[in-house]
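> Structure for this input, please:
(one chain, ligands or ions: 2)
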Amino acid sequence: MNLKELIRKAGRFSSPYRVTDGKNFRLAKIDPDDIGDLKAKDKPRAREALQTGVAALAELQDRLYAQDRWAILLLFQAMDAAGKDGVIKHVMSGINPQGCQVASFKTPSAEELDHDYLWRCQKFLPERGRIGIFNRSYYEEVLVVRVHPEFLQKQKLPAPLVGDKIWDRRYEDIRSFERYLSRNGVLIRKFFLHVSKKEQKRRFLERLENPAKNWKFSAADLRERNYWEKYREAYEDMICATATKEAPWYVVPADNKWFTRIVVAAAVIDALGSLDLKYPTVGKEQQAELAAAKKTLAEEKE
Ligand code: ATP
Ligand code: MG
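Numbers count the residues shown, from 1 in each chain. Ligands and ions are numbered 1, 2, ... in the order given. Got it, this is the predicted structure:
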């Protein structure tokens, strides 16, 4: 399959999960266990497709880097154990590390709390020609901070600015920020890995039972499970308010890791494929320079 065909196929495959207008979005409509038209027996084939996708991504990224015009921001949000780390590892596995940077956002530090909430994220925005990956992001500001208001208190905001409207204002600011970025050549794709409570339990138990996975478990993750419904609401509101054409959300079923990974890979291929990525061509003057350099080398004695 040539690259053009693959890009078209990736677009078709990932588009059912894309939300560009959140007005009527309902999380309940998306089944975390969905595997599209595929069947469980297609798993090995999906693995092969992922490899093909990864190779295509490497080629597209090489052009992105050479062209040095666009930057790509891929942002991941999810409940614990939904598979963010695995998706980032597998989908980006073929990419030249020089053209890619990952930033993970944890509980903000004292220094970060002394600034506006976008400050720490802005520092990690990708340069032109690069792919930037946000493992969690400024969206935590309308997720964990909304579910646990004590985080908001720590932000030292002036009292008149903290009220019921704060979440709507944050959505508005985030939309404006993303529009600003897209107008500056940053292509944004946002992924919510949608895992079920049942599957999260299974994965937590696996982390507890398998010594090689023990390190991944934290008691705090178990506490967050008690807020499942509140998080669901926060995710739904967030997607409703911030899914736009220029910065769409992908709501990716995440109970089957192999399926999650091919949807994300397809969406990233679709995004890169939507840009006219070409290797820069060399002008007349530079061509003459190249010819002169070739001649010099040819005439060298050794
Ligand atoms: P892992 O898969 O390794 O568990 P993780 O992304 O869950 O990765 P952790 O260090 O376990 O990383 O958790 C980071 C924590 O930081 C999350 O609970 C997240 O909600 C929290 N966090 C991120 N941003 C903010 C923020 N702005 N305010 C408060 N908490 C935040
Ligand atoms: Mg965690």
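
> and A56, what does it touch?
The contact partners of A56, by C-beta atoms under 8 Å, 6 or more residues apart in numbering, come to L3, L6, I7, A10, I269. All C-beta spots, glycine's among them, are computed from the backbone N, C-alpha and C.

> Surely the first one and E59 touch.
It stands for L3. Yes. Here L3 reaches E59: they are 6.5 Å apart, a contact under C-beta atoms under 8 Å.

> Setting aside sequence neighbours, what's the nearest residue to D80?
Take D80 and drop its neighbours on the chain: the residue closest to it by C-beta to C-beta, 6 or more residues apart in numbering is D221, 4.2 Å away.

> And for the one you found, the neighbour number?
D221 has 16 neighbours, counted by other C-beta atoms under 10 Å.

> for A220, same thing?
Residues lying near A220 (other C-beta under 10 Å) number 9.

> can you confirm it is in a strand?
No. Read with DSSP: H, G, I helix; E, B strand; the rest coil, A220 is helix and lies in no strand.

> What separation is there between it and M238?
From A220 across to M238, the span is 21 Å (C-beta to C-beta, to the nearest Å).

> list the contacts for T244?
T20, D21, R175, E178, R179.

> Contacts only, for Y139.
By C-beta under 8 Å, 6+ apart, the residues touching Y139 are L75, Q77, I174, K190, M238, T242.

> what do you get if the cut-off is 10 Å, keeping everything else the same?
75-77, 105, 121, 145, 170-171, 174, 190, 192, 234-235, 238-239, 242, 249 (C-beta atoms under 10 Å, 6 or more residues apart in numbering).

> For ligand 1, what's the nearest residue on the stretch 151-300 of the chain?
F151 (4.5 Å; C-beta to the nearest ligand atom).

> what's the burial count for that residue?
A count of neighbours around F151, defined by other C-beta under 10 Å, yields 16.

> picking that back up, what is in contact with L3 and E59 at once?
Joint contacts of L3 and E59 (C-beta under 10 Å, 6+ apart) are I269.

> ok, residues contacting the helix-or-strand element of the chain with minimal mean pLDDT?
Sorting the helices and strands of the chain by mean pLDDT, DSSP states H and E puts helix 219-225 at the bottom, at a mean of 92. Contact with helix 219-225 is made by 79-81, 107, 144, 147-148, 197, 200-201, 203-204, 207-208, 218, 230-231, as judged by C-beta under 10 Å, 6+ apart.

> how about 7 Å then?
Residues from elsewhere that reach helix 219-225, judged by C-beta atoms under 7 Å, 6 or more residues apart in numbering: D80, Q200, F204.

> Beyond that helix, next helix or strand please.
Next along the chain after helix 219-225, taking DSSP states H and E as the criterion, comes helix 228-242.

> so the helix or strand just after that next one versus helix 228-242, what angle?
Counting by DSSP H and E, the element after helix 228-242 in chain order, helix or strand, is strand 249-253. Calculated by axes from the mean of the first three to the mean of the last three C-alpha atoms, to 10 degrees, strand 249-253 forms an angle of 140 degrees with helix 228-242.

> Just the CA atoms of strand 249-253, as PDB, please.
The C-alpha trace of strand 249-253 is given here as PDB (Å, rounded to 0.1, in the frame of the first residue of the first chain):
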ATOM      1  CA  TRP A 249     -10.900  15.300  20.600                       C
ATOM      2  CA  TYR A 250     -10.600  11.600  19.800                       C
ATOM      3  CA  VAL A 251     -12.600   9.500  22.300                       C
ATOM      4  CA  VAL A 252     -10.800   6.200  21.900                       C
ATOM      5  CA  PRO A 253     -12.300   3.000  23.300                       C
END
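
> Which residues of the stretch 201-302 of the chain lie near ligand 1?
By the rule C-beta under 6 Å from any ligand atom, the part of the stretch 201-302 of the chain lying against ligand 1 is S218.

> hmm, try it at 8 Å
By C-beta under 8 Å from any ligand atom, the part of the stretch 201-302 of the chain that sits against ligand 1 consists of K216, S218, A220, D221, E224.
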